[in-house]
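Asker: just coords:
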């Protein structure tokens with residue numbers, strides 16, 4: 001396996017008005033302390049600045065003065081009272097800054113209003129900095145807005161929030177789990193399958209998610225999902241688990257940057273200034289000292305978001321396949337996790353206490369239109385999602401952790417394993433072998449195909465804990481507006497599903513569907529591909 005690029009972007013973003021209560025001047029002092037720490041290690045760094053901060057004299061003086069060789073300045077797009085009113089748009093928020101989607105994010109505005117808001121932001125940036133920004137970030141944004149600024153101004157890179165369910169009042173679920181991808185022209189949350197349908201600016205997923213725990217972090221005692229998912233990421237304000245806990249940071253850097261990535265390893269570090277320096281300083285100081293050590297050992301590269309975006313565009317004409325592996329959890333050596341993402345699907349293989357399951361499988365469809373393309377969000381929350389087949393978070397509950405479980409066909413005993421081995425087969429293919437006393441299970445993950453091999457015949461079953469499941473008809477709504485797919489057709493070699501008006505299928509060239517939830521291997525083999533039905 002050749003050495004892979006192992007990239008860290010330090011991205012701090014700047015709000016003018018506080019989202020969290022802070023003493024007078026604390027948010028500006030936080031930015032100064034961040035700069036002081038970055039300068040101490042001579043790191044490259046990206047600051048993304050919001051419109052309101054661009055109107056403050058202290059930032060108008062500070063941002064242009066930073067060393068242009070090491071500091072990149074871009075824009076952070078959240079909507080607040082000054083920006084709306086300067087565009088002649090009525091402000092509907094509860095205060096100057098309001099995180100509810102209908103007022104604080106682009107989905108809450110018409111396309112005409114979105115264009116006005118973006119032009120005002122970019123022109124103000126140009127007035128302060130003397131050029132237009134090349135990098136653009138927000139917790140989440142709609143597709144029209146990204147198309148608009150890419151066509152009018154041009155961008156090197158985008159960044160948005162990690163996968164999350166209900167956190168902060170919005171859901172991004174079933175998408176590309178990490179690293180970066182080229183979005184679909186119709187839906188920025190979904191990778192394009194064809195270059196003709198892709199937006200030619202890479203989107204990087206932020207925050208450095210715990211690859212073992214973040215997916216279903218904070219579930220209830222019976223494993224049901226909470227309406228608001230907890231957070232375990234590289235953000236330094238999280239001290240119990242996450243970027244403020246040295247033990248977690250050491251583990252994350254070791255596992256996330258282990259080279260088992262197919263394309264490149266990636267994480268975004270940093271924190272918004274509105275949390276205040278006191279909450280983040282210990283975590284950032286520990287992380288930056290570690291980053292400096294790893295950089296000197298040539299184990300990571302620290303560069304700006306724009307540099308990563310330009311490299312990505314020069315290297316990959318379309319979205320590359322990628323993997324994120326963890327051979328343990330930060331607090332448990334008996335857990336393993338492999339995320340594989342391609343432009344066609346994502347899958348998570350998860351081992352826990354020597355038992356294996358496919359914890360997640362979502363299919364990508366570039367024709368799945370942005371839900372707010374021509375619709376204004378009038379609610380406090382919004383949802384972006386893809387096409388589900390297996391969901392170990394949303395479908396869990398009633399004492400069952402959802403997912404596809406493995407049993408021996410003859411004994412009906414659940415298969416167990418002792419070790420996980422990762423092998424890169426090609427630029428787009430990974431082999432993951434789970435070795436055990438009752439036989440080995442080997443997965444080969446390709447861009448649109450999954451192959452599973454074992455010495456003996458086995459059955460995998462999609463167990464669902466929630467009352468709503470695959471047999472329920474389209475339209476049953478979950479706690480945060482999430483629907484379950486319906487089964488359109490099931491034969492021995494095909495399972496056809498429907499979700500939000502989109503049809504898709506899992507097709508077997510080896511193995512047999514016993515029913516809509518069970519697949520039996522054929523001579524110890526299951527081979528499945530994914531098909532979009534137009």
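Answerer: Received it, and whenever you're ready, just let me know what you need. Predicted, not measured: the structure shown is a model, and the values here were computed from it.

Asker: surely residue 105 touches residue 145?
Answerer: No - at 9.6 Å, residue 105 does not count as touching residue 145 under the criterion of C-beta atoms under 8 Å. (Glycine included, C-beta is placed from N, CA and C.)

Asker: low pLDDT regions in the chain?
Answerer: Flagging of the chain using pLDDT under 70 yields the residue ranges 1-2, 18-22, 438, 467-483.

Asker: tell me which stretches of it form helices.
Answerer: Under the criterion DSSP state H, the chain carries helices at the ranges 26-41, 51-54, 57-65, 81-86, 101-104, 111-129, 143-152, 246-256, 277-296, 305-315.

Asker: nearest to residue 411, of those helices?
Answerer: helix 246-256 (33.6 Å; C-beta to C-beta).

Asker: circling back to that earlier point, nearest to residue 338, of the helices of the chain?
Answerer: Closest among the helices of the chain, using C-beta to C-beta: helix 246-256, at 11.1 Å.

Asker: ok, residue 130 - contacts?
Answerer: Residue 130 makes contacts with residue 64, as judged by C-beta atoms under 8 Å, 6 or more residues apart in numbering.

Asker: can you rerun that using 7 Å?
Answerer: If a contact means C-beta atoms under 7 Å, 6 or more residues apart in numbering, then residue 130 has no contacts.

Asker: look up how far residue 64 lies from it.
Answerer: Distance, residue 130 to residue 64, using C-beta to C-beta, to the nearest Å: 7 Å.

Asker: now swap in residue 136 and tell me
Answerer: 19 Å.

Asker: these two: who's more crowded?
Answerer: residue 136 (28 against 12; other C-beta atoms under 10 Å).

Asker: that one is in contact with residue 154, isn't it?
Answerer: No - with contact defined as C-beta atoms under 7 Å, residue 136 does not reach residue 154; the gap is 10.5 Å.

Asker: residue 414 and residue 356 touch, don't they?
Answerer: No - assessed by C-beta under 7 Å, residue 414 is found out of contact with residue 356, at 8.6 Å.

Asker: neighbour count: the two, which is higher?
Answerer: The residue with more neighbours, out of residue 414 and residue 356, is residue 356; 24 against 15, by other C-beta under 10 Å.

Asker: go ahead and confirm the more buried one touches residue 404.
Answerer: No - in this structure residue 356 lies outside contact range of residue 404 using C-beta under 7 Å: 9.3 Å.

Asker: the helices of the chain: which one's closest to residue 430?
Answerer: helix 246-256 (15.6 Å).

Asker: give me the nearest residue to residue 279, chain neighbours excluded.
Answerer: residue 237 (4.6 Å; C-beta to C-beta, 6 or more residues apart in numbering).

Asker: residue contacts, that neighbour?
Answerer: Applying C-beta under 7 Å, 6+ apart, the residues near residue 237 are 244, 271, 275, 279, 280, 283.

Asker: if we go to 10 Å?
Answerer: 20, 231, 243-244, 271-272, 275-276, 278-284 (C-beta atoms under 10 Å, 6 or more residues apart in numbering).

Asker: neighbours of residue 23, just the number please.
Answerer: Counted by other C-beta under 10 Å, the residues lying close to residue 23 total 10.

Asker: and what of residue 381?
Answerer: Neighbour tally, residue 381, other C-beta under 10 Å: 17.

Asker: surely it meets residue 164?
Answerer: No - here residue 381 does not reach residue 164: they are 11.5 Å apart, not a contact under C-beta atoms under 10 Å.

Asker: hmm, residue 132 is touching residue 150, no?
Answerer: No - using C-beta under 10 Å, residue 132 is not in contact with residue 150; the gap is 11.9 Å.

Asker: shared neighbours, these two?
Answerer: With C-beta under 10 Å, 6+ apart as the test, residue 132 and residue 150 reach no residue in common.

Asker: please enumerate the strands of the stretch 351-500 of the chain.
Answerer: 355-363, 382-385, 387-391, 403-408, 419-424, 430-435, 441-446, 449-454, 458-463, 486-490, 494-499 (DSSP state E, counting those that start in this stretch).

Asker: the stretch 201-350 of the chain: strands as residue ranges?
Answerer: Counting by DSSP E, counting those that start in this stretch, the strands of the stretch 201-350 of the chain are 203-205, 264-269, 301-302, 322-326, 335-341, 345-352.

Asker: got the ones you listed as TSV, with mean neighbour count columns?
Answerer: Shown next, in TSV, are these (neighbours: other C-beta atoms under 10 Å):
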stretch	mean neighbour count
strand 203-205	25
strand 264-269	24
strand 301-302	20
strand 322-326	24
strand 335-341	24
strand 345-352	23
